[in-house]
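Visitor: Any chance you can model this:
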Amino acid sequence: MKDYIPFYKKCYSIRKVETHLLELFRQGKVSGTVHTCVGQEYTGVLVGKYYQDGDLAVSNHRGHGHYLSITDDLNGLIAELLGKDNGSSKGIGGSQHLINKGFISNGIQGGMTPIASGYSYANKLKEKLNVSFVFIGDGTLGEGVLYETLNMVSKWKVPVVFILENNQIAQSTSFKQSFSGDLKLRIEGFGVNYLEGSIYEMDDLDQKFFEAINKTRNDFTPSFINVELGRLNSHSKGDDNRNENLILQLKKLDPLNLFLSKNKEIKDSWDIEFDKIINNSVSIADNHPIHDIKSSQVFNLKKSYIDDGVYKKNDLTRNKNRFNDLIYNYFKEFFKENETSFLLGEDIETMNEFNPKEYGGAFKVTKDLSLLYKGRVRNTPISEQAIAGFGIGLALNGYTTFVEIMFGDFTTLIFDQIYQHASKINLMFGKIVPLPLIIRSPMGGYRGYGPTHSQSIEKHFLGIPGFKVLALNQLIDPAIVYKKAVNEKSPMLIVENKMLYTRKLFENLPNGYDLYLSETTDYPIANLRPIEDDPVFTIVAYGGIVNEVMLAMEDLFIEEECMCDLFFPTELSNVNIPDLKKSVQKTKKILIIEEGNSFASYSSEVSACLSENNVLDFQLFRISNNGIVPSSRDLELNVLPSSNKILELIKKQL
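Guide: Residues are numbered from 1 along each chain as shown. Model prediction:
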């Protein structure tokens, strides 16, 4: 390094900020927690040295130094920790959740690694020579998502530089206690370029950063730099269980401390300069208000609605192809018209250089898309969390991204990426961040796939702020749903029932009903109304179970000459069913049917919504499956909702 003074000046400016933040915490001006990077400033400053416009730096819970190195946004950082509206995340994100041009952080260990990788892959697709920098600590070496990501970036040649800040302790657990094996062999086993360096040999470390970043930027070869350094402060404010002699030794060896001890005049000058700058930033923040949550666009969540609405009679002469063909046709047209689109998932490609025969997805939805749109429809490893995170990164960088999870049962493996990352990007950073990400997955039983391939577990994704859940049914063209979903540019899960793939649009529509579609909701609701007779029941159902309801209605009319008022919503993340109140007040009976568990579920929310809207004089009935799904066909039909169960319940009440 030719000139140490600018380098150490930047490092010291960060250390001074961290020291001031701890003082502000002691004064009660900063709440929560403060993870300082004292002793670790060097890695962020080195990345800042080689950072180029268009790159992305992704950080973790100890990211103040990284943020300042990349953005120089001291005012935004100080205001954020003081909880003010001029903070980088308007005081919502706080210390661990910062965002700025070219920078984003989250406190979840390892969770941002696939996101940074997807973002960088989007740059590669755009033929840009940009890289993503991912800061991790040695504690993150225990996280499986890191290794899923390393495998993907190596296989797909994604330009990512991983910087391991190896301070030998994760909060209070020694690296020696938690890590097994050889790190170099572990990283090189993925085919990733591995380098080692130490803050105690700064010239060599600088050279290692230069080599790694240059190689990654120009050759699309991911690199991993293991940096030896020392954390001089506690994990957070005062939770340090290390030996005092070890901490004293680290402070004695610290390069910045050594430099300052030999250059007292420079230190005194910098102290005056930095104190003035930091105090000014604190003053600016003090003069700003806190963020107005009530008027914030990110916190204005929709309320349930069941009052009067507008429905339009539907034309039943439209395309009546099988549902997997209808979904395929939508993707085929969308990818043709939108070059910045991407579809990734397990086994979604058809014939390729490795296998000569056709495939195109477990349920034949993607068919030949991988041939039509080479490079934008790709098979992935079996790494659900990395796949989802990769998709988030692609979407964050402008790609409309579809992630297929082969079976809905496996969406449990992506829950962290959805709940802690995708859904919060539009909430915890205090601004709307376009994130056109659609997770699509088949749910449901009736095919004999057994307890881990037949569940309907969409209820576990309901109620996540910033995340929508939609369910297709055979009365609504899936292209309508997908077009609306894509235009939102926000993360969501679309449930595609397995049995639905084999059915045709409007199949099994019962006689004696007209089909209406809602016009006052974001997503269509199919409402089947009796043409002549008054309904005796109000029924709410969604997804694949709609077929069973319609079969039951046909039999009910034949056997009892009775009809029902049927509501089949698409959106499940909010109870928005216009005219439901009016229908229940008329029939006095409501039956809610869902294929999954009914405890704390969509049916629970519909029931609560009726009560909240003072609809109290009615009988409530529910049909669901509150156990597991057996493999045996007879046992499966025994536990899942069916047309017979629906028919028997209604006949009994009549």
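
Visitor: where does Phe621 fall, helix, sheet strand or coil?
Guide: For Phe621, the assignment made with DSSP: H, G, I helix; E, B strand; the rest coil gives strand.

Visitor: can you tell me which residues contact the residue lying closest to it once chain neighbours are set aside?
Guide: Residue nearest to Phe621 in three dimensions, not counting chain neighbours: Leu591, with 4.5 Å by Cβ to Cβ, 6 or more residues apart in numbering. Placement of C-beta: from N, CA and C, glycine included. Leu591 makes contacts with Phe537, Thr538, Ile539, Val540, Phe621, Arg622, Ile623, Ile646, Leu649, Ile650, as judged by Cβ atoms under 8 Å, 6 or more residues apart in numbering.

Visitor: again, only using 10 Å
Guide: 537-541, 549, 552, 564, 566, 603, 619-623, 646, 649-650, 653 (Cβ atoms under 10 Å, 6 or more residues apart in numbering).

Visitor: Are any of those residues buried, and if so which?
Guide: Using 16 or more other Cβ atoms under 10 Å as the burial test, the contacts of Leu591 include 537-541, 549, 552, 564, 566, 603, 621-623, 646, 649-650 as buried.

Visitor: Would you mind confirming that Tyr8 is in contact with Asp254?
Guide: No. Between Tyr8 and Asp254 there is no contact under Cβ atoms under 10 Å: 11.2 Å.

Visitor: Mutual contacts of these two, please.
Guide: Common neighbours of Tyr8 and Asp254 (Cβ under 10 Å, 6+ apart) are Arg15, Glu41, Tyr42, Leu260.

Visitor: Okay, now the unreliable bits of this protein?
Guide: Across the chain, residues meeting the criterion (pLDDT under 70) sit at 1-2, 297-301, 317-319.

Visitor: I'd like the domain boundaries of it, if you could list them.
Guide: 33-290, 316-502, 513-653 (automatic domain parsing).

Visitor: Quick one, which of the ones you listed gets closest to Leu22.
Guide: Between Leu22 and the domains of the chain, the shortest separation by Cβ to Cβ is 6.1 Å, and it involves domain 33-290.

Visitor: so how far is the closest one off the chain centroid?
Guide: 22 Å (Cα atoms, centre = their mean, to the nearest Å).

Visitor: May I see the shared contacts of Tyr8 and Asp254 organised as a markdown table, with neighbour count and distance to Phe135 added?
Guide: Formatted as a markdown table, those follow (neighbours: other Cβ atoms under 10 Å; distance: Cβ to Cβ, whole Å):
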| residue | neighbour count | distance to Phe135 |
| --- | --- | --- |
| Arg15 | 25 | 17 |
| Glu41 | 30 | 12 |
| Tyr42 | 29 | 12 |
| Leu260 | 19 | 25 |
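
Visitor: Give me the subset of the residues you listed that lies in helices.
Guide: Using DSSP state H, the members of those that fall in helices are Arg15, Glu41, Tyr42, Leu260.

Visitor: need the residues you listed in TSV with distance to Lys483, can you?
Guide: TSV is the format used below for these (distance: Cβ to Cβ, whole Å):
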residue	distance to Lys483
Arg15	52
Glu41	49
Tyr42	50
Leu260	61
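
Visitor: For those, which two are the farthest from each other?
Guide: Tyr42 and Leu260 (14.0 Å).

Visitor: still on that earlier bit, between Tyr8 and Asp254, which one's more packed in?
Guide: Taking other Cβ atoms under 10 Å, Tyr8 and Asp254 do not tie; Tyr8 has more neighbours (25 against 22).

Visitor: which residues touch that one?
Guide: 1, 15, 41-42, 45, 202, 255-256, 258-260, 263, 266-267, 270.

Visitor: Which strand or helix spans it?
Guide: helix 4-26 (DSSP states H and E).

Visitor: Give me the nearest residue to the residue positioned nearest the centre of the chain, chain neighbours excluded.
Guide: Most central in the chain under Cα atoms, centre = their mean is Ala422, positioned 2.5 Å from the mean C-alpha point. Excluding the flanking residues, the one nearest Ala422 by Cβ to Cβ, 6+ apart is Pro491, at 4.0 Å.

Visitor: Tell me how many other residues surround Lys294.
Guide: Per other Cβ under 10 Å, the neighbour tally for Lys294 reads 7.

Visitor: where's it relative to Pro6, distance?
Guide: Per Cβ to Cβ, to the nearest Å, Lys294 is found 45 Å from Pro6.

Visitor: what's the straight distance from one end of stretch 525-538 to the other?
Guide: 14 Å (Cα to Cα, to the nearest Å).

Visitor: Next, the buried residues of it.
Guide: Ile525, Ala526, Asn527, Leu528, Arg529, Pro530, Pro535, Val536, Phe537, Thr538.

Visitor: export those residues to CSV and tack on secondary structure and distance to Val486?
Guide: As requested, the buried residues of stretch 525-538 are exported to CSV (DSSP: H, G, I helix; E, B strand; the rest coil; distance: Cβ to Cβ, whole Å):
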residue, secondary structure, distance to Val486
Ile525, strand, 20
Ala526, strand, 21
Asn527, strand, 25
Leu528, strand, 27
Arg529, strand, 30
Pro530, strand, 35
Pro535, coil, 35
Val536, coil, 40
Phe537, coil, 36
Thr538, strand, 32
